[in-house]
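[1] Have a look at this fold, sequence not included:
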């Protein structure tokens, strides 16, 4: 079955429009980010930037890799430019196997004096509505609330009453 030249022309034009649209996004398009989570983690995940005590962002092939602690915290000494990025969330088991995790909500926030913070809620939309609707504290707030500076939620969702 032969397709008409018009069909192929429409496909090419549509692909070009999509590419131009992506390039027109503020900051452009960046490398995709893979978030490696502890097995079964549910709750808020936060990433703080420009922390000299943290490592640079790891690169695995085409992906930037963010490794999240059991408390839901990640940090980097780098600044990740504000670009549109595809995010993938995976649970990484002790044997190296991975399983897809679901993220319901995420954003970035610039805080005067507090730098940049990325935050994501890991869980279903229902779990977010029941447990995550209040934004997590910033890293500066953690250190003010807890001597150890640990995430107060500690990766545990509250049971629905």
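    Thanks, I have it. Source: prediction; values computed, not measured. Residues are numbered from 1 along each chain as shown.

[2] Please, where are all the strands along this protein?
    Remark: strands assigned in the chain by DSSP state E are 33-37, 43-48, 58-60, 63-67, 73-75, 87-92, 98-100, 103-111, 115-122.

[3] out of the ones you listed, nearest to residue 10?
    strand 87-92 (30.7 Å; CB to CB). (C-beta placed from N, C-alpha, C; glycine too.)

[4] Tell me which residues are up against that closest one.
    32-41, 63, 98-103, 106, 120, 122 (CB atoms under 8 Å, 6 or more residues apart in numbering).

[5] Is it possible to mark the buried ones in the residues you listed?
    Neighbour-count burial (16 or more other CB atoms under 10 Å) is assigned, among the contacts of strand 87-92, to 33-38, 41, 63, 101, 103, 120, 122.

[6] Please work out which of the strands of the chain is packed deepest.
    The highest average neighbour count among those, using mean count of other CB atoms under 10 Å, belongs to strand 43-48 at a mean of 24.

[7] Sheet-wise, list the partners of that one with their directions.
    With DSSP bridges as the test, strand 43-48 is paired with strand 73-75 (parallel), strand 115-122 (antiparallel).

[8] any idea how far residue 67 is from residue 126?
    Going from residue 67 to residue 126 by CB to CB, to the nearest Å gives 27 Å.

[9] Correction: the previous question concerned residue 84.
    Residue 84 is 27 Å from residue 126, by CB to CB.

[10] Span of stretch 57-76 from start to end?
    This stretch, stretch 57-76, spans 6 Å end to end (CA to CA, to the nearest Å).

[11] distance of residue 64 from residue 33?
    Distance, residue 64 to residue 33, by CB to CB: 5 Å.

[12] shared neighbours, the two?
    With CB under 8 Å, 6+ apart as the test, residue 64 and residue 33 both reach residue 85.

[13] which one of the buried ones among the contacts of strand 87-92 is nearest residue 77?
    residue 33 (16.4 Å).

[14] per-domain residue ranges of the chain.
    Domain ranges of the chain: 1-30, 31-145, per automatic domain parsing.

[15] could I get the ones you listed as CSV with mean pLDDT?
    Listed next are these as CSV, based on pLDDT from 0 to 100:
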stretch, mean pLDDT
domain 1-30, 70
domain 31-145, 81
